[in-house]
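Trainee: what follows is a predicted structure for the sequence shown.
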Amino acid sequence: MIRKLFLAPLLFSTVFSYSQTKDEVFIRRLADEILHNGQAYQNLRTLTKTIGARLAGSPQMYAAERWGYDLLKQSGSTRVYKQPVMVPHWVRGGKDECIALPAGGKKKPLQVIALGNSIGTKNVALTAAVVMVHNFEELEQRKNELRGKIVFYNYKFNASFIRTFEAYGDAVKYRSQGPSRAAKYGAIGVIVRSMSHSTDNEPHTGMLSYDSMFASIPAVAVGLKDADWLASEIGKHAQLKLSIKTNGHFLPDAEGHNIIAELKGSEKPDEYITIGGHLDSWDNGEGAHDDGAGITQTIEVLRALVALGYQPRHTIRFVLFANEENGARGGKQYATAAQSNREKHILAIESDAGGFTPRAFSFNCSDDQFEKAKGWLPLIGPYGCNEFIKGGGGTDIAPLKDQLGTPLCGFLPDSQRYFDLHHAASDIFENVNKRELELGAVNMAALVYLVDRYGF
């Protein structure tokens, strides 16, 4: 038995070595280069610990742009340049506060954070009774109770969704649309259950979108433990009030930049493969998973290809997009420029789902293109992404599909822990695993290589 256990792997290894293709060999070389000599983890450390949070318009945004520009040049690209884009400049303006005031009870501070792009309470506390609703249907049913009140959206992540981005997609409308839908019926403030299924009490920020037809009202997200406490207390105290104080406001738009590097193609230099992530982050953490991981993986793909002396057939663009979090203007500008220049983009790939263990790629493309991609699964699968999914893409690359019809691809790591950290103060460097981050870069590099070699 012992002899058989040792002989079987040896036999497999011998047989497999004779069947290796050129692609298998090169992808193995890419993997070895990244896993043995990778710089993504150290680059992420520098980005998060030296620069930190990188909200659009902030001084840290400009520091990150300089860092990204210099690193792309050092990584051996053919060309590096800055693409100007005007970005919104929202500032939090101070500490966000919320205190629960039960009638005749003890005051309780709640862990909250103002939603991105929300207006503040203008240095005075906003105090009013709170009305809890669980969904928009209940909001409509109770619309006559909302005037002069604070609405609490207590909509939980749906635990039945195995892919947690589906739970986020299901719940996020209460953050993005909730304030204006409550304001429609005279509400003066909103508190939203954080977009998370974590077990801690960290509040998670994120962008809201005001409807110009209704008043813009202050809005905060609350940590999950405090959300559960608040729901329980509302059941006990019909006249429970909340006192909210926030300071958010806009400054004039600022000039930011997409930071772009190219490896020029040797055969089809006017056909482009885009790979990227977004350089900005929310201001309450370090933006390590969202999206420092995608940024450093993108740069690592470039570094590894150059290190192996790879000469691409198509021009490969490595893009550090501006302003994904509260405006998505970087992606829009990139697509607008590509359309104006009549560029042909054969595929755009985005990493904006964290730096966890690779699981899958999603493809927003034709059926024929998807079938072609599935033929590469045996080459990529051994490194983690053993599933290709139809549909998806990414916020920054979506405008390329809208304006040029470009096929899109999203890198999908394991998502189970992502929304524990997403848009929260806990999205820090220490919560990124070096091995997982590097394996993500391996899978992205392998896909870029295959698309460049065989087209799409």
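Mentor: Right, received. Where do you want to start? What you are looking at is a predicted structure, and each value in this text was computed from that prediction instead of being measured.
Trainee: pLDDT of the helix ranked longest in the chain, averaged?
Mentor: In the chain, ranked by residue count with DSSP state H as the criterion, the top helix is helix 434-454. What helix 434-454 shows for mean pLDDT is 98.
Trainee: send me that helix as CSV with only the CA atoms.
Mentor: C-alpha atoms of helix 434-454 as CSV (Å, rounded to 0.1, in the frame of the first residue of the first chain):
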residue,chain,number,x,y,z
LYS,A,434,-0.3,37.5,1.0
ARG,A,435,-0.8,34.1,-0.6
GLU,A,436,-4.4,34.8,-1.7
LEU,A,437,-3.4,38.2,-3.1
GLU,A,438,-0.7,36.7,-5.2
LEU,A,439,-2.8,33.8,-6.5
GLY,A,440,-5.3,36.4,-7.7
ALA,A,441,-2.6,38.0,-9.7
VAL,A,442,-1.6,34.6,-11.1
ASN,A,443,-5.1,34.0,-12.4
MET,A,444,-5.4,37.4,-13.9
ALA,A,445,-2.0,37.2,-15.6
ALA,A,446,-2.9,33.8,-17.1
LEU,A,447,-6.2,35.1,-18.5
VAL,A,448,-4.5,38.2,-20.0
TYR,A,449,-1.9,36.0,-21.6
LEU,A,450,-4.5,33.7,-23.2
VAL,A,451,-6.6,36.5,-24.5
ASP,A,452,-3.5,38.2,-26.0
ARG,A,453,-2.4,34.9,-27.6
TYR,A,454,-5.7,33.8,-29.0
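Trainee: what's the burial count for the residue lying closest to Lys173 once chain neighbours are set aside?
Mentor: Nearest residue to Lys173, sequence neighbours excluded (C-beta to C-beta, 6 or more residues apart in numbering): Phe136, at 7.7 Å. Any C-beta I mention is one placed from the backbone N, CA and C, and that applies to glycine too. When neighbours are defined as other C-beta atoms under 10 Å, Phe136 has 16 of them.
Trainee: downstream of the helix or strand harbouring Ala182, the next helix or strand is which one?
Mentor: Secondary structure assignment for Ala182, by DSSP states H and E: helix 178-183. Sequence order places strand 189-193 as the next helix or strand after helix 178-183, per DSSP H and E.
Trainee: what packs against that following strand?
Mentor: strand 126-133, strand 150-153, helix 173-176, helix 178-183, strand 219-222, helix 224-236, strand 241-245 (3 or more C-beta pairs under 8 Å, 6 or more residues apart in numbering; DSSP states H and E).
Trainee: what about 7 Å?
Mentor: For strand 189-193, the packing partners by 3 or more C-beta pairs under 7 Å, 6 or more residues apart in numbering; DSSP states H and E come out as strand 150-153, helix 178-183, strand 219-222.
Trainee: quick one, which of these is packed in tightest?
Mentor: strand 219-222 (a mean of 30; mean count of other C-beta atoms under 10 Å).
Trainee: ok, that one: who's next to it in the sheet?
Mentor: strand 112-114 (antiparallel), strand 189-193 (parallel) (DSSP bridges).
Trainee: return it as PDB; C-alpha atoms alone will do.
Mentor: C-alpha atoms of strand 219-222 as PDB (Å, rounded to 0.1, in the frame of the first residue of the first chain):
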ATOM      1  CA  ALA A 219     -28.300  59.600   6.200                       C
ATOM      2  CA  VAL A 220     -26.100  57.200   8.200                       C
ATOM      3  CA  ALA A 221     -25.400  53.500   8.300                       C
ATOM      4  CA  VAL A 222     -25.400  51.700  11.600                       C
END
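Trainee: contacts for it, please.
Mentor: Residues outside strand 219-222 that contact it (C-beta atoms under 7 Å, 6 or more residues apart in numbering) are 96, 98, 110-115, 118, 175, 179, 189-194, 203-205, 208, 230, 244, 246.
Trainee: Ile295 versus the nearest residue to Glu262 once chain neighbours are set aside, what's the distance?
Mentor: Of all residues not flanking Glu262 in the chain, Arg79 sits nearest, at 4.6 Å (C-beta to C-beta, 6+ apart). Distance, Arg79 to Ile295, using C-beta to C-beta, to the nearest Å: 19 Å.
Trainee: which one's more surrounded, these two?
Mentor: The neighbour comparison of Arg79 against Ile295 (other C-beta under 10 Å) goes to Ile295, with 32 against 13.
Trainee: nearest residue to the more buried one in space, please, no chain neighbours.
Mentor: Ile295's closest residue in space is Gly277 (C-beta to C-beta, 6+ apart), at 4.7 Å.
Trainee: helices or strands next to the strand or helix carrying the one you found in the packing?
Mentor: Remark: Gly277 resides in strand 268-278, with elements defined by DSSP H and E. Packing partners of strand 268-278 (3+ C-beta pairs under 7 Å, 6+ apart): helix 293-307, strand 314-321, strand 344-350, helix 434-454.
Trainee: make CSV out of the ones you listed and add distance to Phe388.
Mentor: As requested, the helices and strands packed on strand 268-278 are exported to CSV (distance: least, C-beta to C-beta, whole Å):
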stretch, distance to Phe388
helix 293-307, 19
strand 314-321, 21
strand 344-350, 13
helix 434-454, 10
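Trainee: returning to what we had before: surely the residue nearest to Glu262 and Leu263 touch.
Mentor: No - the criterion here is C-beta atoms under 7 Å, and Arg79 misses it with Leu263 at 8.8 Å.
Trainee: closest one to Gly381 among the helices and strands packed on strand 268-278?
Mentor: helix 434-454 (9.4 Å; C-beta to C-beta).
Trainee: show me what counts as buried in that closest one.
Mentor: 436-452 (16 or more other C-beta atoms under 10 Å).
Trainee: and if you look at stretch 338-349?
Mentor: 338, 343, 345-349.
Trainee: output that stretch in CSV with nothing but the alpha carbons.
Mentor: C-alpha atoms of stretch 338-349 as CSV (Å, rounded to 0.1, in the frame of the first residue of the first chain):
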residue,chain,number,x,y,z
ALA,A,338,-11.5,55.3,-26.2
GLN,A,339,-14.7,56.0,-28.2
SER,A,340,-13.3,59.4,-29.3
ASN,A,341,-10.1,57.7,-30.4
ARG,A,342,-12.1,55.0,-32.2
GLU,A,343,-10.1,52.3,-30.3
LYS,A,344,-10.9,48.6,-30.6
HIS,A,345,-11.0,46.9,-27.2
ILE,A,346,-11.2,43.1,-27.3
LEU,A,347,-11.7,42.5,-23.6
ALA,A,348,-11.7,44.5,-20.4
ILE,A,349,-10.9,42.8,-17.1
